[in-house]
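# got a structure for you, letters missing:
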Ligand SMILES: CCCC/C=C/CC(=O)SCCNC(=O)CCNC(=O)[C@H](O)C(C)(C)COP(=O)(O)OP(=O)(O)OC[C@H]1O[C@@H](n2cnc3c(N)ncnc32)[C@H](O)[C@@H]1OP(=O)(O)O
């Protein structure tokens, strides 16, 4: 105990030197610029952007940046572990080593994402604005955003297509979450209109691609998906899914990133990736085994087992199930009460609950998107999508 407390005191005393040390990667990056590949341009920009930061991001973030930088430029940590009393170098080594075999490209991307989350616009939005009059946010036809009584509601509104998510809807949801993260609401809710919560990715997103542009299109879809999932990972306020009916694919996988999930007893939860020649996304390859255990997760993610709302609740994916007849009334009564809680307290508590996982989730998201990008170009996936379009297959 005495040793630990002495170590703590020393660590605090040595903190300034830790901060100075962590500037080292910036200098080294410029020396090794010639070794960069094309996609490293963003990385270089991020390093420059970091130098413009007005606010010190704190030791924890600097340590993450250090580790990501080392992983991105040198790969996995294989240098000898510094001695117990070499606190600073040991802390840095631990952070780098914790990234395990994270691919260099993913580390680079995570570095860029982390720096962009520290940009001046994020800095200025770290505080909730004081309560103001309820406001109506700009609406689009397929994603309807309203804000009232401390609740921002993002409603998927394409019921004739079972609320399938088009490319522009992904962008609209990203935008809606960005606005909601700094508006005067306390909580944010995502729900669907009509009978379905959502049938997931619109399978025609991939069919209007001219020949010769398929690879480029898969790459763009990978970037869009990564940004979409990142906006859930980083969302700072309580995020609640009101699952009004069946849910398929991406809208199921991202549930592991929500704080609370309420479901009607009519809802089902289906992730038919293998059937579609695809692979899990939305960080579900990590969150599902963590939430429900690896064998239950495998049944869903590998074999596409569809869960009822009650089964999903028993597995921990859903918080509570309500009878369809009283679902809307009960859920919204509860949410209205939650929205009266102190917003800053909710935000700070969410940060405590989620912050330790954030970096890992970003890494998993990037990896899942890379894998999925490859899957979209596969024969298995293309023929599954063609089957759906030509109505030979339905889930
Ligand atoms: C860029 C990021 C990519 C992220 C990747 C995410 C992966 C996933 O989300 S995988 C999941 C993809 N979703 C599906 O495979 C669902 C496919 N849909 C169905 O199997 C069925 O439509 C249904 C079981 C959801 C509903 O069946 P139901 O009999 O009630 O209705 P339908 O007559 O089939 O559909 C009505 C209407 O809606 C269109 N539609 C439904 N789902 C989709 C969809 N996912 N993509 C595109 N269109 C969809 C369906 O074609 C019908 O349209 P028409 O009335 O014009 O024929």
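Happy to help now that I have it. Because the structure is predicted, anything quoted here is derived from the model rather than measured.
# how many neighbours does the residue in the chain that the ligand sits nearest to have?
Per Cβ to the nearest ligand atom, residue 249 is where the chain lies closest to the ligand, at 2.2 Å. Placement of C-beta: from N, CA and C, glycine included. Counted with other Cβ atoms under 10 Å, the neighbours of residue 249 add up to 24.
# next: the one 4 residues further on.
By other Cβ under 10 Å, 25 other residues sit near residue 253.
# go on, the one 4 residues further on?
The number of residues packed near residue 257 is 23, by other Cβ under 10 Å.
# hmm, back to that, the residue of the chain closest to the ligand contacts residue 197, correct?
No. Using Cβ atoms under 8 Å, residue 249 is not in contact with residue 197, being 11.0 Å away.
# after the strand or helix carrying residue 92 comes which helix or strand?
Following DSSP states H and E, one finds residue 92 within helix 87-97. Note on helix 87-97: by DSSP H and E, the next helix or strand toward the C-terminus is helix 104-117.
# tell me what angle that next one forms with helix 87-97.
With axes from the mean of the first three to the mean of the last three Cα atoms, to 10 degrees applied, the angle from helix 104-117 to helix 87-97 works out at 120 degrees.
# sorry, back to before: list the buried ones in the helix holding residue 92?
Neighbour-count burial for helix 87-97 flags 87-88, 91-93, 95-97 (criterion: 16 or more other Cβ atoms under 10 Å).
# give the contact list for the residue of the chain closest to the ligand.
199-201, 270-273 (Cβ atoms under 8 Å, 6 or more residues apart in numbering).
# among those residues, who's most crowded?
Among those, residue 271 has more neighbours than the rest - 30 neighbours, counting by other Cβ under 10 Å.
# closest one of the buried residues of helix 87-97 to residue 352?
Nearest to residue 352 among the buried residues of helix 87-97: residue 95, at 20.0 Å, using Cβ to Cβ.
# hmm, that closest one is touching residue 69, no?
No. Using Cβ under 8 Å, residue 95 is not in contact with residue 69, being 10.5 Å away.
# relative to residue 142, how far out is residue 272?
Using Cβ to Cβ, to the nearest Å, residue 272 is found at 23 Å from residue 142.
# same thing with residue 293?
36 Å.
# those two: who's more crowded?
Counted by other Cβ under 10 Å, residue 293 and residue 142 do not tie: residue 142 has more neighbours, with 19 against 12.
# could you pull up phi and psi at the more buried one?
Dihedral pair for residue 142: phi -100, psi -20, per degrees, to the nearest 10.
# also residue 187?
With angles defined as degrees, to the nearest 10, residue 187 sits at phi -130, psi 160.
# just to revisit the earlier point, pull the distance from the helix holding residue 92 to the chain's centre.
The chain centroid and the centroid of helix 87-97 are separated by 26 Å, computed with Cα atoms, centre = their mean, to the nearest Å.
# so what does it touch, helix or strand wise?
Counting contacts by 3 or more Cβ pairs under 8 Å, 6 or more residues apart in numbering; DSSP states H and E, helix 87-97 is packed against helix 2-21, helix 59-74.
# tilt between that helix and helix 59-74?
Using the same axes, to 10 degrees: helix 87-97 against helix 59-74 is 60 degrees.
# show me where the chain has its strands.
143-148, 151-156, 187-192, 239-243, 247-248, 260-264, 268-270, 307-308, 320-322 (DSSP state E).
# of the ones you listed, which is nearest residue 77?
strand 239-243 (33.8 Å).
# what comes into contact with that closest one?
Contacts of strand 239-243 (Cβ under 8 Å, 6+ apart): 187-192, 197, 232, 255, 257-264, 267, 269, 309, 318, 331, 335.
# now with 7 Å, please.
Identification of contacts with strand 239-243 by Cβ atoms under 7 Å, 6 or more residues apart in numbering yields 187-191, 197, 255, 258-264, 267, 331, 335.
# what of stretch 257-267?
With Cβ under 7 Å, 6+ apart, stretch 257-267 has contacts from 197, 232-233, 238-247, 255, 282-283, 287, 309-310, 312, 317-324, 327, 331, 350.
# go again with 6 Å.
232-233, 238-245, 255, 309, 318-321, 323-324, 327, 331 (Cβ atoms under 6 Å, 6 or more residues apart in numbering).
# now the buried members of those.
Buried by 16+ other Cβ under 10 Å: 232-233, 238-245, 255, 309, 318-319, 321, 327, 331, out of the contacts of stretch 257-267.
# could you find the closest non-adjacent residue to residue 70?
Among residues not flanking residue 70 along the chain, residue 96 sits closest, at 4.6 Å (Cβ to Cβ, 6 or more residues apart in numbering).
# what sits against the one you found?
Here residue 96 is in contact with 67, 70, 77 (criterion: Cβ under 6 Å, 6+ apart).
# need these in JSON lines (columns: distance to the ligand).
Listed next are the contacts of residue 96 as JSON lines, based on distance: Cβ to the nearest ligand atom, whole Å:
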{"residue": "67", "distance to the ligand": "29"}
{"residue": "70", "distance to the ligand": "31"}
{"residue": "77", "distance to the ligand": "33"}
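# so which bits of stretch 344-353 are buried?
346-347, 350.
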